[in-house]
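Novice: Generate coordinates for the sequence data below:
(one chain, ligands or ions: 2)
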Amino acid sequence: MTGQCCAWPGCKVTAKRGQLMCPRDWYRVPKRLRDAIWLHYVPGQTAVTCSPEYRDALHEVLVYARRVNTEAAEAAGRETDVYCEPCGVWHKPPACNAGLR
Ligand SMILES: [Zn+2]
Ligand SMILES: [Zn+2]
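Specialist: Ligands and ions are numbered 1, 2, ... in the order given. A predicted model of the protein is given here:
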């Protein structure tokens, strides 16, 4: 076994053997959550053999990661949205030109 995919949602990097995530993503996770993972991590464990405590810790990490991803996507969206007068809302460009006919 050479390693597994990084557990960060959407990350395609292969994590080192025995590591949950690639280093870049791992250090984005708050230390409190990382500590919980190590506390319950047992070398050689699998998704089937890991303890419920580990699963909970992993769940928290993934919830955190998804929130970071969502916030990043929203921040990116806010930067690129335009105020569309025909729609009366902010949305992705191009603005609709209904009403300019
Ligand atoms: Zn990663
Ligand atoms: Zn529009």
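
Novice: where are the low-confidence patches of this protein?
Specialist: Within the chain, the segments meeting pLDDT under 70 span 1-3, 98-101.

Novice: ok, which residues in it are in contact with ligand 1?
Specialist: 6, 8, 11, 13, 22, 25 (CB under 5 Å from the ion). All C-beta atoms are positioned from the backbone trio N, CA, C, and that covers glycine.

Novice: can you pick the most crowded of these?
Specialist: Neighbour counts for those (other CB atoms under 10 Å) peak at Trp8, which has 24 neighbours.

Novice: For that residue, which non-adjacent residue is spatially closest?
Specialist: Asp25 (3.8 Å; CB to CB, 6 or more residues apart in numbering).

Novice: ok, Cys11 to Ala73 distance?
Specialist: 14 Å (CB to CB, to the nearest Å).

Novice: Same check on Gly44?
Specialist: For Gly44 relative to Ala73 (CB to CB), the value is 36 Å.

Novice: Between those two, tell me which one has more neighbours.
Specialist: More crowded of Gly44 and Ala73, by other CB under 10 Å: Ala73, with 11 against 7.

Novice: where's the more buried one, which helix or strand?
Specialist: Taking DSSP states H and E as the definition, one finds Ala73 inside helix 52-80.

Novice: Assess the claim that Tyr41 and Ser51 are in contact.
Specialist: No - using CB atoms under 8 Å, Tyr41 makes no contact with Ser51, being 9.2 Å away.

Novice: So which of these two has more stuff around it?
Specialist: The residue with more neighbours, out of Tyr41 and Ser51, is Tyr41; 18 against 12, by other CB under 10 Å.

Novice: Tell me who's in contact with that one.
Specialist: For Tyr41, the contacting residues are Tyr54, by CB atoms under 8 Å, 6 or more residues apart in numbering.

Novice: So which bits of this structure are right by ligand 2?
Specialist: 84, 87, 96.

Novice: could you flag which of the residues you listed are buried?
Specialist: Cys84 (16 or more other CB atoms under 10 Å).

Novice: Using CSV, write out every CA atom in stretch 47-59.
Specialist: The C-alpha trace of stretch 47-59 is given here as CSV (Å, rounded to 0.1, in the frame of the first residue of the first chain):
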residue,chain,number,x,y,z
ALA,A,47,-12.8,2.3,8.3
VAL,A,48,-14.3,-1.0,9.6
THR,A,49,-11.9,-1.5,12.6
CYS,A,50,-11.6,2.1,13.8
SER,A,51,-13.1,3.1,17.2
PRO,A,52,-16.4,5.1,17.4
GLU,A,53,-14.3,7.9,19.0
TYR,A,54,-12.1,8.0,16.0
ARG,A,55,-15.1,8.0,13.7
ASP,A,56,-16.5,10.9,15.6
ALA,A,57,-13.2,12.8,15.4
LEU,A,58,-13.0,12.1,11.7
HIS,A,59,-16.6,13.3,11.3
